[in-house]
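Enquirer: model this:
(chains A, B and C)
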Amino acid sequence: MPELPEVETVRRGLAPHLIGRSIESVTCYRPDLRYPLPDMDVLYGKTCRGISRRAKYLQFSFDHALLVWHLGMSGCFRVQHGNAAKLRHEHVRISLSGGECLSYIDPRRFGYAGLLPIDGWQQHPWFAALGPEPLGDSFDGEYLFSRCQGRKIAIKTLLMDASVVVGVGNIYACESLFRAGIHPARAANRISRQRLDLLVIAVREVLGEAIAAGGSTINDFAHVDGNPGYFAHNFQVYGRASKACLHCTTRIRRLVQSGRSTFYCPHCQH
DNA sequence: CTGAAGACCTGCCTGC
DNA sequence: TGCAGGCAGGTCTTCA
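Expert: Reported below is the predicted structural model:
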C-alpha cells in the first residue's frame, strides 16, 4: 500500500485527529507484526504533540518518546468512533481522549512499530543509514550522479535503495523512470549527469503530484476516513503491461528486477 | 564488497 | 466449484 505519497497522505489525515489528544488505552489484538509490538503502557495519559514522517516511517511525538510506525506492504490506519466493532485484520487499537480511536489494520502483517527516545532516534538502526528525502534540497542531480558512480546495478534498483534516496517504492520508481525516459535496466554508472538531473526532477514531480492527489489506491489503500486516493488514475506504465503506451502506443512491457515487477515503454525509455 | 534472490504473511485473481 | 499458482505498495537476511 504505502510509498512516500501514501504515508504522507496518512500523516496529513491523522494529524487533526491525534494532535492534542491523549492516549487512554492501547489494545493489541495481535502483537506479532513483523517485529513484536512495543509495550505502549508508558504512553497512557500522554498527549500527542505532532506527527511527522521520515522516509516511509510515521513518527508520533510525545513529550518523552517517539512512537514510530512503518506500514509495511499492506498496513493502514483508520480513525473511527471508539466503540466501533473490531475490523478484519485490525491488530492494534489506540483509544484517544475525545471518543475516537486509531485502528491499525494490516492483512500481511509486514508493518511494525517501535518506541524510541525523543532525542537520538536518528541513531536507531531504522534511521541511521537512510539517504536523503526525495523532496528535500539535498537530493539533486549532483548527489544522484555521485551515488551512481561505480555502480553497475540497474538504475531502477538503485532508485529503490533507501540508503540512496528514501520513499521511492516500486510504483513511483517505474513512473519516474518513464517520465525521465530512462530504461529501468540501464546500469547506474552508464547514465549521464544531464539525464540524472532529469530523473531527479521526474522523481520530485511524480511524488509531488501523487501527494497532491492524495496518494494512489490499489486494492486496499485508503485514507484515514476510508476514502481512496486518486493518483492511480495517472499511472503511465505501472500495472499496464501489454497495454499501449500513452505517448507512443508501443506496448508496455513487464520485467522482473530484484524480484519486483518493472513496467516500462521500450520505445520511450533508453 | 556488490548485487540478486529468498524470506516474511495473507488475500486476491487467473486458469485449469 | 475447487484448487494450484502467481502476484502484490517493503525491508531484512542470505547467498553467490
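Enquirer: got the buried residues for stretch A:117-137?
Expert: Residues of stretch A:117-137 classed as buried by neighbour count (16 or more other CB atoms under 10 Å): A:121, A:126-127, A:130-134. (Glycine included, C-beta is placed from N, CA and C.)
Enquirer: So for that stretch, mean pLDDT?
Expert: Computed over stretch A:117-137, the mean pLDDT rounds to 96.
Enquirer: give me phi/psi at A:Q122?
Expert: With angles defined as degrees, to the nearest 10, A:Q122 sits at phi -60, psi -20.
Enquirer: what are the phi and psi values for the closest residue to it other than its chain neighbours?
Expert: Nearest residue to A:Q122, sequence neighbours excluded (CB to CB, 6 or more residues apart in numbering): A:A128, at 6.9 Å. Per-residue torsions, A:A128: phi -60, psi -40 (degrees, to the nearest 10).
Enquirer: thinking A:A128 is in contact with A:G120, fair?
Expert: No: A:A128 lies out of contact with A:G120 (CB atoms under 8 Å); the separation is 10.5 Å.
Enquirer: Would you check how far apart the residue nearest to A:Q122 and A:S163 are?
Expert: 10 Å (CB to CB, to the nearest Å).
Enquirer: ok, the one helix or strand A:S52 maps to near DNA strand C or not?
Expert: For A:S52, the host element (DSSP states H and E) is strand A:50-54. No: under the criterion of CB under 7 Å from any atom of the strand, strand A:50-54 makes no contact with DNA strand C; the nearest approach is 10.1 Å.
Enquirer: and that strand, average pLDDT?
Expert: Rounded mean pLDDT across strand A:50-54 is 98.
Enquirer: residues near the spatially closest residue to A:G99 that is not a sequence neighbour, how many?
Expert: Once flanking residues are discounted, A:G99 sits nearest to A:G82: 5.3 Å by CB to CB, 6+ apart. A:G82: 16 surrounding residues under other CB atoms under 10 Å.
Enquirer: follow-up on the earlier one: state the distance from the residue nearest to A:Q122 to DNA strand B.
Expert: Between A:A128 and DNA strand B the distance is 15 Å, computed by CB to the nearest atom of the strand, to the nearest Å.
Enquirer: still on that earlier bit, give the phi and psi angles for the residue nearest to A:G99, as a check.
Expert: Taking degrees, to the nearest 10 as the convention, A:G82 sits at phi -60, psi -20.
Enquirer: quick one: pLDDT of A:T47?
Expert: For A:T47, the pLDDT comes out at 98.
Enquirer: surely it meets A:D63?
Expert: Yes: taking contacts as CB under 8 Å, A:T47 lies within contact range of A:D63: 7.4 Å.
Enquirer: Give the residue from the two that has the larger number of neighbours.
Expert: A:T47 (15 against 9).
Enquirer: Find the nearest non-adjacent residue to the residue of the stretch 1-150 of chain A found nearest DNA strand B, please.
Expert: Nearest residue of the stretch 1-150 of chain A to DNA strand B, counting by CB to the nearest atom of the strand: A:R108, 3.4 Å away. The shortest distance from A:R108 to any non-neighbouring residue, by CB to CB, 6+ apart, is to A:S74 (4.3 Å).
Enquirer: Nice, that's everything, thank you.
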